[in-house]
Every structure is written in structure tokens, then in C-alpha cells.
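Chemist: sequence unknown, structure follows:
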């Protein structure tokens, strides 16, 4: 379980490590972020990430620095480190296709000090003049979902009430309002919550899981797995597309025909991490949306904000869905990294 989380976060710090290369499974090479590596040659890379038993470690053969993965993440991206620490406690192990629904129904939940949504107010009960409600209105989030989104005034206190000791009581860095997005399983029970910043607070998303056997998949309680299924990256984007889930960073697998699953990534052709994930989706024989040339909006919500209707977006998705060799050909011309 922890191994999957480690690999996920290695991919997230990759853009922050110069000349990052995967040598083989669980072995990575890059320029040292501590000493900067060779001053004479910009091509030398003498830092490595490698696995010892179940843990990942960093070692530089130039300056001799050595850290575990957690401290390496902390060195290059402190907000990402905070998210890593939260997730590492519970894990995100991929779930096999054959028993996915059974896994979702598994009763192996953490015993919480309080029910996840107790004390929170959903947005259907909040006045339109409230600053947090204005955030939803300005993003044009459909009103039908207001009762499934919640307002939290003091996020740090809220999390520590659910899981005491998660945040240092002396450090109030996370004691600010956040949008709470509950993740429901197929039975309609909350197995995770995601706190989304309203402003420039970092990290933008903080996720807390209560069931270690479940992936971060948003929207399970409202989709029909017998129909064509769309997969986007973020929970908010999923609210604008019919029968849509948000993978929320999970390496998603589902007990459905692959030809009935369409992945929709953010429109970022220069983002190597996203492009690599797009290639993996094609390699697994799923269908993939590859945004057309001239498409300027980054994601579904941006398209809504720029005036496109839900039906117009659906048409763009349908007209730009590819699979197999045609997807690879189109993806090769789409990428800019």
C-alpha cells in the first residue's frame, strides 16, 4: 500500500528534479537538489532514489547527502510533503478489477472520533452572500450538488477532531476555511474527504481517507457502471459531465468493459506527468479524449466559465475521443513536452 503512494509522489516531485530519469523499477537518477551536482557539467546527474526492502531512499554520490523519500519531498516541496504524510498513514493501493465493488463495500473502516461530516454545513443551507458560497456560484457549480458540498471554517481543528494529532496544534498553518468534498462509496457512505482551498493556501487539496481498502475515486454513489463512463481528474470537473467519476490521482481500475470507459485529462500538452498518464491509458486499451488544436481552456470547468454549454462540451468530447493506434498517433502530435 505504502509502495503505491511512494511511486505516486515520486511522479509528483519529478518536475522539480533536474534530468530526472527512471533507470528501472524503483531506481531513479537525477541532479542532486542539495548540492546542485557538478558545477562544470550540466549533464552530470549523481543523485539516486532507490528501494531498500519496503522503503525508498535518496543518495547523492557527489556530496554524500542521504534522505528517506519523505524528507526528500520535504526538501523540494513542503506543501506536497504535508499531503504525503497525510496519505502515507492510510495508503492508496490499486484495487483489482475482479472484486472492485466488493472492495468498496468492505467494512474495514477506521474508527473515527466523530462522523466525517458532523458539524459541517452543506452549501444548500448557506446564504448566497457568504464568501464561500460565492466561490461555488462564480465557478458555476450546478446547484443540484450544493447539498453534497460542505463548508468548513477551521480545517485544522476539524481534521484533528476526526483524527487527533494529524496537525501540530502549535502550528496553525491549516486553520483556515476550506471546501469539503466528501467521497462516497457505492453504498453512499463517506470513506474520504478532500479539503479544497478557497484562495492561495497550499497545498490546494488536502485529502483524508478513512478506509484503507478504497481508492480516491469521487462520484461512485451517482454513476451507473452499466453505461458509458467518463473519468476526469478533479471532483469539480466531474460535476459538469453525465455519468462521470474523478480519479483524484488514483490509478483507476474498474469492473467494466474498457471500450465503455473514456479518460479526460486536463488540457496541458506541456505537462509531462499528464502526457505520460495519457500514454498509459492508451496502452491499457481505454479510450482517451485528446483535446483539439486551438482548445485554450485547461479543464471542463474552464470551458463552462468561458461560456460553453454542457451539450457543447459533450460534443467536443465525443468528436475528440480516440483509442488504439489512432490515439497514439494523435497523442504524438498533441504533446509539447
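Modeler: Ah, there it is. The model shown is predicted, which means the values in this text are computed figures rather than measured ones. Numbers count the residues shown, from 1 in each chain.

Chemist: and the gap between the residue of the chain most remote from its centre and residue 62?
Modeler: In the chain, the residue that sits farthest from the middle, by Cα atoms, centre = their mean, is residue 40; the gap is 38.3 Å. Between residue 40 and residue 62 the distance is 11 Å, computed by Cβ to Cβ, to the nearest Å. Yep, even glycine has a C-beta here, placed from its N, CA and C like the rest.

Chemist: residue 6 contacts residue 56, correct?
Modeler: Yes - with contact defined as Cβ atoms under 8 Å, residue 6 reaches residue 56; the gap is 5.0 Å.

Chemist: show me the contacts for residue 318.
Modeler: Under the criterion of Cβ atoms under 8 Å, 6 or more residues apart in numbering, residue 318 has no neighbours.

Chemist: just say helix, strand or coil for it.
Modeler: Taking DSSP: H, G, I helix; E, B strand; the rest coil as the rule, one finds residue 318 in the helix state.

Chemist: now it: how far from residue 264?
Modeler: From residue 318 to residue 264 the distance is 11 Å (Cβ to Cβ).

Chemist: please tell me how far the closest residue to residue 335 other than its chain neighbours sits from residue 333.
Modeler: In space, residue 335 comes closest to residue 275 once its chain neighbours are excluded; the distance is 4.7 Å by Cβ to Cβ, 6 or more residues apart in numbering. Distance of residue 275 to residue 333, given as Cβ to Cβ: 12 Å.

Chemist: what about these two, which has more around it?
Modeler: residue 275 (18 against 10; other Cβ atoms under 10 Å).

Chemist: who touches the one helix or strand the more buried one maps to?
Modeler: Secondary structure from DSSP states H and E places residue 275 in helix 272-283. Helix 272-283 is contacted by residues 11-12, 14-15, 263, 265-266, 268-269, 288, 290, 322-324, 327-328, 331, 334-335, 337 when judged by Cβ under 8 Å, 6+ apart.

Chemist: what's the burial count for residue 327?
Modeler: 23.

Chemist: my bad, should have said residue 63
Modeler: Residues lying near residue 63 (other Cβ under 10 Å) number 13.

Chemist: the closest residue to it other than its chain neighbours: what secondary structure?
Modeler: Excluding its sequence neighbours, the residue lying closest to residue 63 (Cβ to Cβ, 6+ apart) is residue 35, at 3.7 Å. Per three-state DSSP, the local secondary structure of residue 35 is coil.

Chemist: residue 35 touches residue 65, doesn't it?
Modeler: Yes - Residue 35 is within contact range of residue 65, at 6.9 Å (criterion: Cβ under 8 Å).

Chemist: give me the nearest residue to residue 180, chain neighbours excluded.
Modeler: Closest to residue 180 by Cβ to Cβ, 6+ apart is residue 150, at 4.0 Å.

Chemist: swap in residue 228?
Modeler: Here the residue nearest residue 228, using Cβ to Cβ, 6+ apart, is residue 260, at 5.2 Å.

Chemist: pull the number of nearby residues for that neighbour.
Modeler: Neighbours of residue 260 (other Cβ under 10 Å): 14.

Chemist: gap between the two ends of stretch 256-275?
Modeler: 24 Å (Cα to Cα, to the nearest Å).

Chemist: so which bits of that stretch are buried?
Modeler: Going by neighbour count (16 or more other Cβ atoms under 10 Å), the buried part of stretch 256-275 is 261-269, 271-272, 274-275.
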